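A.B. asks: Quick one, fold the following:
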Amino acid sequence: MRSEINPSSLYKQNYVFAKFALSFLLLGLAFRLFVSDSIRLSSSVIQEPPVSESITEAESPLASLPIPKADDGDSSATFTSNNESLSDRTETCDIFVGEWVPDPSGPLYTNESCHAIEGHQNCMKNGRPDSGYLHWRWTPRDCELPKFDPKKFLDTMKDKSWAFIGDSISRNHVQSLLCILSQAEEAIEVYHDKEYRSKRWYFPAHNFTLAVIWTPFLVKADIFEDLNGVSSSEIQLHLDKLDKKWTEQYKNYNYAVIAGGKWFLKTAIYHEKDTVMGCHYCPGKNLTELGFNYAYRKALQLVLNFVTNSEHRAFVFFRTTTPDHFENGEWFSGGTCNRTIPFKGGEVDLKDVDTIMRDIELEEVEKAVEMGSQKGVTVALLDTTQMSLLRPDAHPGPYRQFQPFAQDNNAQVQNDCLHWCLPGPIDSWNDLVMEMLVNLSKGNLH
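C.D. replies: Down below sits the predicted model:
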């Protein structure tokens, strides 16, 4: 039996089938394109960094801090960790409480890559034989502390200025910062005083100025010492007058790191309203022994009142006292510091004088923070005391001078167990500074 097939009908059926297949393919292609675009769009939204709260210029000089991008490249260079938000860290973490942990990566610079290190702190050049003290990193107890990023810091500080105000520890600190920043841009020294104690540097690519102003008492002082610390007369300390050396320059700086120090332990005669009120350690003078703590509190009150009442709205860090690690004597009586590893928490206590100074600092800075908040001035405590206490291994010791044992292995030399080798643990102070700046920019500094 032969089937009846109409050629015209077959052609129409094939045409309809082909049209349907083509429509189905076009519909599938459109759906795939739509899904693909949606995925890309969703991805781009997730990668967009969150918008931070704005800070007005009247509130803080940090108003122009840039919001860090999530795609800046190296994750170690970003301001926040990948695993937790900045607000989470600041709510639960005290960056001043922690421990020193081994760090195989070592410092950001060496004594060869940085030319700003003064001779007394250039331990490697001076012949210190060990290098283990270079391989430790400060780690807060409850969070990660990012390493200082010199490029980000300089970009953030474009058109701004910093001053470190204090004694030789402040100079030690500013050298550390200079060395770290030199890995991104070399600074030009544009000023120094006669004794090279106060200096100023300029970073032309960022129009950034960095300075150290040497004022060991912060208040007016008549000092009769040579550069080796030998006194010809008692220091005359005016506890109601600030040192104009720094107050007259204060208005030139957006940021200031201010610190007191060990100079208050020296023999001194105390003046107020041009009248001798007493002294500290002045036997035979027939004066009232007021104690260094009396002078230190008076000085800090005067300094912090000036800062909080100034019309110049700078951001001020107050750095706490730095403990020394002299053992078996003091700097003038054969004291040494020969340890080669950090202390662990609980293995060492602050000396009584350091405890007294730090307690005064905490009390007076707390008052200044409250007063500053009422007047639009930001004051913050940079508490480096405990972290520094744990590092007896990183002072110059005998290597404050060049090759001290070159002629005699048993030579009797003066040790420096107060200042810090560079590179050294003082570099971590700058990690704290950077973290505090970031916290402030996010409104999370407590």
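
A.B. asks: pLDDT weak spots in the protein?
C.D. replies: When the per-residue scores of the chain are filtered using pLDDT under 70, the ranges that remain are 1-92, 442-446.

A.B. asks: how about 50 then?
C.D. replies: Low-confidence segments of the chain, defined by pLDDT under 50, are located at 1-90.

A.B. asks: what comes up buried for stretch 273-285?
C.D. replies: Buried residues in stretch 273-285, counting neighbours by 16 or more other CB atoms under 10 Å, are found at Met277, Gly278, Cys279, His280, Cys282. Every C-beta, even on glycine, is put in place using the N, C-alpha and C of the backbone.

A.B. asks: Just give me how far that stretch sits from the chain centre.
C.D. replies: When distances are taken as CA atoms, centre = their mean, to the nearest Å, stretch 273-285 is centred 37 Å away from the chain's centroid.

A.B. asks: just use 54 as the starting number from now, easier for me
C.D. replies: All right, first residue 54 from here; so that's stretch 326-338.

A.B. asks: outside of it, which residues touch it?
C.D. replies: The list of residues contacting stretch 326-338 from outside it, by CB atoms under 8 Å, 6 or more residues apart in numbering, reads 287, 292-293, 317-324, 340-345, 347-348.

A.B. asks: And these, which of them are buried?
C.D. replies: Among the contacts of stretch 326-338, those scoring as buried are 287, 292-293, 317, 319, 321-324, 340, 343-345, 347-348 (criterion: 16+ other CB under 10 Å).

A.B. asks: Quick check: helices, which of those residues are part of them?
C.D. replies: Using DSSP state H, the members of the buried ones among the contacts of stretch 326-338 that fall in helices are Phe345, Tyr347, Ala348.

A.B. asks: Wait, the last one touches Ala321, no?
C.D. replies: The reference is to Ala348. Yes: with contact defined as CB atoms under 8 Å, Ala348 counts as touching Ala321 (6.8 Å).

A.B. asks: Secondary structure class of Asp412, three-state.
C.D. replies: helix (DSSP: H, G, I helix; E, B strand; the rest coil).

A.B. asks: Strands of the stretch 304-453 of the chain, start to end?
C.D. replies: With DSSP state E, counting those that start in this stretch as the criterion, the stretch 304-453 of the chain has strands at 308-312, 321-325, 328-333, 368-372, 431-435.

A.B. asks: ok, now the stretch 154-303 of the chain?
C.D. replies: Under the criterion DSSP E, counting those that start in this stretch, strands of the stretch 154-303 of the chain are mapped to 189-193, 214-219, 241-245, 252-256, 261-267, 272-275, 288-295.

A.B. asks: which among the buried residues of stretch 326-338 gets closest to Met489?
C.D. replies: For those, the minimum distance to Met489 (CB to CB) is 32.8 Å, reached by His333.

A.B. asks: what's the distance between that closest one and Glu287?
C.D. replies: Using CB to CB, to the nearest Å, His333 is found at 10 Å from Glu287.

A.B. asks: overlap in contacts of those two?
C.D. replies: With contacts taken as CB under 8 Å, 6+ apart, His333 and Glu287 have Thr320, Ala321 as neighbours in common.

A.B. asks: Next, format the ones in helices among the buried ones among the contacts of stretch 326-338 as CSV and append distance to Glu419.
C.D. replies: Compiled in CSV, those are given as follows (distance: CB to CB, whole Å):
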residue, distance to Glu419
Phe345, 21
Tyr347, 19
Ala348, 20
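
A.B. asks: what number of residues lie near Gln456?
C.D. replies: 10 (other CB atoms under 10 Å).

A.B. asks: can you check the one 5 residues further on too?
C.D. replies: Counted by other CB under 10 Å, the residues lying close to Asp461 total 9.

A.B. asks: hang on, the earlier thing: tell me which of the strands of the stretch 154-303 of the chain sits most buried.
C.D. replies: strand 214-219 (a mean of 25; mean count of other CB atoms under 10 Å).

A.B. asks: ok so, going back, mind picking the one among the ones in helices among the buried ones among the contacts of stretch 326-338 that's closest to Met440?
C.D. replies: Nearest to Met440 out of those is Phe345 (CB to CB; 23.8 Å).

A.B. asks: show me the contacts for that closest one.
C.D. replies: Residues Phe317, Leu318, His333, Val406, Ile409 are the ones in contact with Phe345 under the rule CB under 8 Å, 6+ apart.

A.B. asks: Turn those into JSON lines, including distance to Asp208.
C.D. replies: Rendered in JSON lines, the data for those read as follows (distance: CB to CB, whole Å):
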{"residue": "Phe317", "distance to Asp208": "38"}
{"residue": "Leu318", "distance to Asp208": "41"}
{"residue": "His333", "distance to Asp208": "46"}
{"residue": "Val406", "distance to Asp208": "41"}
{"residue": "Ile409", "distance to Asp208": "41"}
